[in-house]
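Undergrad: Please find the sequence and the predicted model below.
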There are 2 protein chains.
Amino acid sequence: MITLEDLNPKLLQAQYAVRGPIVQRAQEMEAAGKKVIYCNIGNPQALKQRPLTFLRQALSLLEYPELLDSPRVLETFSRDIVTRVRKALERHPHGTGAYSQSPGIPFIRQAVADFITKRDGIPADRDRIILTDGASKGAQAVLMALLRSSQDGVLIPIPQYPLYSATLALYGGRQIGYYLDEENGWQLDEHILRASVEKAGRAGTRPVAIVVINPGNPTGSVLSRDNIEMIVHFAREHRLSIIADEVYQENVYDRSASFHSFARVMEEMRERDTTLFSLHSVSKGFLGECGHRGGYLEIRNVPEEVNAQFIKLQSISLCANVSGQFATYFMVAPPEPGEESYPLYVREREAILAALKRKAEILGEGVNRIPGMSLDKPQGAMYGFVRFELPPEQGIDPLSLPPEDRKMYEAGRDEAYCMALLEQTGICVVPGSGFGQRAGTLHFRTTFLPPQEEIEDLVQKLKVFHEHYTRTLQEA
Amino acid sequence: MITLEDLNPKLLQAQYAVRGPIVQRAQEMEAAGKKVIYCNIGNPQALKQRPLTFLRQALSLLEYPELLDSPRVLETFSRDIVTRVRKALERHPHGTGAYSQSPGIPFIRQAVADFITKRDGIPADRDRIILTDGASKGAQAVLMALLRSSQDGVLIPIPQYPLYSATLALYGGRQIGYYLDEENGWQLDEHILRASVEKAGRAGTRPVAIVVINPGNPTGSVLSRDNIEMIVHFAREHRLSIIADEVYQENVYDRSASFHSFARVMEEMRERDTTLFSLHSVSKGFLGECGHRGGYLEIRNVPEEVNAQFIKLQSISLCANVSGQFATYFMVAPPEPGEESYPLYVREREAILAALKRKAEILGEGVNRIPGMSLDKPQGAMYGFVRFELPPEQGIDPLSLPPEDRKMYEAGRDEAYCMALLEQTGICVVPGSGFGQRAGTLHFRTTFLPPQEEIEDLVQKLKVFHEHYTRTLQEA
């Protein structure tokens, strides 16, 4: 019988806080009949967000095309959806039941290219688009392809979405953390990037790529166009590929911010030398179709033989799930004005986005009113990365500890805090140490996905809990 | 801009013949308007196999549960399907739109455990079942977890399904090939296994696991119970984990053969020391739902902390696609006698299996009538691994070549053969070298999935082509 010693040590090291021990405890509590508010994961439909009608009508027809021939089909399904599904099945007669071409169904790859062109006003090549099982698999494919040896490293933001750190650990690459600037709306800072690369160089690490998450997870920030230009210049100077995780591109709430894709900024800079991998997904935005695991990877500025290697990599596990590919199709080619399903589509989309915006505000304003807690009001994405202060523990001076011990100590503090929050209030959030945070700071990540009244309740409970928790620590 | 030199050399080395250059050429020919018979891949619904009605009705309702409330739902959907989908949504209210728990939806894991118990009469533990995006992802997870270093090797059959060789190359493990015994119905031979392990040991390779594909891909063989017992003893003796790829368990056509799961044989042997990973999928059998990427991995004989590592690995890319999880549910819990959908389910299932059986016979008998060609009549799975002879080429004595050069030379011969077959007949098969074959032998793998008349046509065309091709070689 195999034991832990028989397993890949890289697997043993990989950590994935978003689904770690706190979530497991939450599931136990729920199984025991307690109410849990899951704010640990960007999983909208688990938090009562309803799916978009047009998308689900389309997927339902695709699964059982016999419905198309029912004389009453138009009583239930919009005319344009019926027409579109018919056309989709003409172009791809195998429907959802057969493996597709490895990089995805050709007409859907074309639709993705058209979407990029329409979004950004730039050309896009369907042959450089690979349909993936959600953005995670796309990111993992890129890391698998770019890591040549255990000396290779990838710049990842701190705080970051732990997919990146976990996958780097798993694939035997090195993390090169760069801090996001909390005092400056979590933008990237060129001096910090430079210092991170230099530090990596001194440790014998060769940087091969930089991951940028925009809008940010867990920070909820939206990068400015200037900031993106700076990153492109920096990547070019250091010969880094850019991995642009842009899954929250539709989730921008702040009027002063807008989403700029890396593809567009690079195209406008006429940057042809730096390789770009950009990721998108049906899981976020206003679709929130996490369960369908649909998404795409777009590759720019690589020779054809490099592109072919990515397609080969995809072919080894055959293809992305086909109903997820169709979900991606309907994301990039939604109903058009004048079509029967359009008004409802717009209504549903706007309601979801407006609710998210309102909840971002409620969370931002509420948290900032709690003494000892602060939050950069989320401009985008689905998260707030809440900073909180705890009184020092008697007899412990974290500054006297060696850096690794200090990190462990602080991780222990935010984990204990989040576990106590769960036990006392049923609110499930993720400790900041799971994403990385500056020494001497404590955070947790919370989504603002639950219904509005639960967000209001969350803010209230958080306040009471935080006061009680800090008082208990002070009295200890 | 990155070039091939910037890519992971392991990716560059990985090969995946099932979707290699011959398939690309076939797609070009098809795009140019020529008819291609795709026998390269086990993709039933791309070859006109129709999906099972009950499964698609269920998935259609799950995608758009509003249908359940339609007063006319029972005009289109079977009553038991409607009830089952309602119940499924009570147990898992998020439906297909939310991430599930990382190892899968709990009630579906339980249904898989019940299926194993019913199939084998043995206990099964739902906590040791992980729902995966098809069996491929399950196999890849196991290899990722078991390879501790570049000295670790996995025994894989020759010929084998190239998922295993490609993934080992990608993850930096070593292949330890063991030949299947073509003269003995492609069973495993203990002496050959032993010799393979010894040879690996001399090369400094540490064997950690053995992959067994039963029923066989590409061989179409079904292992006897004795053969499986031998493998279990062998694995135990060498402390190997067993990776049992059992995705073709429903595809047994020969009356003299039956499927024995490793789980059952090991349970009956009271084998508690050897770790077993077994894989199943919705892609094969009589469902043929390749596009849905559903499947499961069952893990036996590991301590709980090892199981937890597999769940963590799954959590890094969140969860398997949820409609694929539901497809797995309906595979393991099909309609029961007395339910409205049962008679049609049985009719559809039996028609598909009977047609496959008939086509296996037509292929087997037809090929064996072609001079210079032979085939062990497929007992199971969806493939025939056809052996063919070519006249020697003037001035070339393969026996005089060093082993690697000889392999290259013979691979070149079967590739040229398959490419010519495609160009001249539109039949797309995979060269035997893509699966591995004994030196001095040539093969190709063909599925017997196309409609019966196309299989008959295929046999006829193959005969004409083979005669012509060998004559041309002789005259050259």
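TA: Right, received. Where do you want to start?

Undergrad: From now on I want contacts and neighbour counts done on CA atoms only, so please keep to that.
TA: Noted.

Undergrad: For residue A:172, give me its contacts.
TA: A:10, A:149-150 (CA atoms under 8 Å, 6 or more residues apart in numbering or on different chains).

Undergrad: Buried members of those residues into ChimeraX, please.
TA: Here is the ChimeraX command that picks out the buried ones among the contacts of residue A:172, judged by 16 or more other CA atoms under 10 Å in any protein chain shown:
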select /A:10,149
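
Undergrad: Pretty sure residue A:344 sits in a strand.
TA: No. Looking at residue A:344 with DSSP: H, G, I helix; E, B strand; the rest coil, it is helix, so not inside a strand.

Undergrad: got the contact list for it?
TA: residue A:53.

Undergrad: Quick check: the gap between it and residue B:257.
TA: 56 Å (CA to CA, to the nearest Å).

Undergrad: number of nearby residues for residue A:44?
TA: 29 (other CA atoms under 10 Å in any protein chain shown).

Undergrad: mind checking how far the residue nearest to it when sequence neighbours are not counted is from residue B:462?
TA: Take residue A:44 and drop its neighbours on the chain: the residue closest to it by CA to CA, 6 or more residues apart in numbering or on different chains is residue A:288, 5.5 Å away. For residue A:288, the distance to residue B:462 (CA to CA) stands at 50 Å.

Undergrad: related to what we said a few turns ago, what pLDDT is listed against the residue nearest to residue A:44?
TA: pLDDT recorded at residue A:288 is 95.

Undergrad: Identify the residues contacting it.
TA: Counted by CA under 8 Å, 6+ apart, residue A:288 has contacts A:43-45, A:49, A:51, A:282, B:97-98.

Undergrad: please redo it, this time with the cut-off set to 7 Å
TA: A:43-45, A:282 (CA atoms under 7 Å, 6 or more residues apart in numbering or on different chains).

Undergrad: Kindly indicate which of these lies nearest residue B:237.
TA: Nearest to residue B:237 among the contacts of residue A:288 is residue A:43, at 46.5 Å by CA to CA.

Undergrad: That closest one contacts residue B:97, doesn't it?
TA: No. If you go by CA atoms under 7 Å, residue A:43 and residue B:97 don't touch, sitting 8.7 Å apart.

Undergrad: Show me whatever sits in contact with both of those two.
TA: The contact lists of residue A:43 and residue B:97 share residue A:290, where a contact means CA under 7 Å, 6+ apart.

Undergrad: re earlier: could you dump the contacts of residue A:288 to CSV with distance to residue B:413, pLDDT and secondary structure?
TA: Below are those laid out as CSV (distance: CA to CA, whole Å; pLDDT from 0 to 100; DSSP: H, G, I helix; E, B strand; the rest coil):
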residue, distance to residue B:413, pLDDT, secondary structure
A:43, 52, 90, coil
A:44, 55, 90, helix
A:45, 54, 91, helix
A:282, 45, 97, coil
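
Undergrad: could you pull out the strands for the stretch 1-150 of chain A?
TA: A:37-38, A:129-132 (DSSP state E, counting those that start in this stretch).

Undergrad: What pairs with the helix or strand hosting residue A:208, parallel or antiparallel?
TA: For residue A:208, the host element (DSSP states H and E) is strand A:206-213. Sheet pairing here is set by DSSP bridges, and for strand A:206-213 it gives strand A:152-158 (parallel), strand A:241-245 (parallel).

Undergrad: Name the residues that touch the longest one?
TA: Contact partners of strand A:152-158, identified using CA under 7 Å, 6+ apart, comprise A:173-180, A:205-212, A:435-437.

Undergrad: go with 8 Å
TA: Residues contacting strand A:152-158 (CA under 8 Å, 6+ apart): A:147, A:164-165, A:168, A:173-180, A:205-213, A:435-438.

Undergrad: what does stretch A:433-442 give?
TA: Outside stretch A:433-442, the residues that reach it (CA under 8 Å, 6+ apart) are A:16-18, A:158-162, A:179, A:218, A:387-389, A:406-407, A:410-411, A:414-415, A:432, A:443-444.

Undergrad: Could you do stretch A:14-33 as well?
TA: A:35-36, A:40-41, A:162-163, A:165-167, A:169-170, A:418-419, A:422, A:426, A:428, A:430-431, A:434-435, B:312, B:315-316.

Undergrad: From the chain's centroid, how far away is it?
TA: Relative to the chain's own centre, stretch A:14-33 is displaced by 20 Å; criterion: CA atoms, centre = their mean, to the nearest Å.

Undergrad: Show the average pLDDT along it.
TA: 85.

Undergrad: Check stretch A:176-190 too.
TA: Rounded mean pLDDT across stretch A:176-190 is 93.

Undergrad: Start and end of that stretch, how far apart?
TA: 14 Å.

Undergrad: Chain B contacts on the stretch 151-300 of chain A?
TA: A:163, A:166-167, A:239, A:241, A:272-275, A:288-293 (CA under 8 Å from any CA of the partner chain).

Undergrad: which among those end up buried?
TA: A:163, A:166-167, A:239, A:241, A:273-275, A:288-293.

Undergrad: Please flag which of those residues sit within helices.
TA: A:163, A:166-167 (DSSP state H).

Undergrad: and those as TSV, adding pLDDT?
TA: As requested, those are exported to TSV (pLDDT from 0 to 100):
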residue	pLDDT
A:163	92
A:166	93
A:167	96
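
Undergrad: between these, which is nearest residue A:253?
TA: Of those, the one sitting nearest to residue A:253 (CA to CA) turns out to be residue A:163, at 24.6 Å.

Undergrad: And the nearest residue to that closest one once chain neighbours are set aside, its phi and psi?
TA: Leaving aside its sequence neighbours, residue A:163 sits nearest to residue B:316 (CA to CA, 6+ apart; 6.0 Å). As for residue B:316, its main-chain torsions (degrees, to the nearest 10) stand at phi -60, psi -30.

Undergrad: for residue A:374, same thing?
TA: phi -150, psi 160.

Undergrad: gap between the closest residue to it other than its chain neighbours and chain B?
TA: Ranked by CA to CA, 6+ apart and with sequence neighbours excluded, the top spatial neighbour of residue A:374 is residue A:368, at 4.7 Å. Counting by CA to the nearest CA, to the nearest Å, the separation of residue A:368 from chain B is 30 Å.

Undergrad: do residue A:451 as well
TA: According to CA to the nearest CA, residue A:451 and chain B sit 15 Å apart.

Undergrad: isn't that residue right up against residue A:48?
TA: Yes. Taking CA atoms under 8 Å as the definition, residue A:451 is a contact partner of residue A:48 at 7.1 Å.
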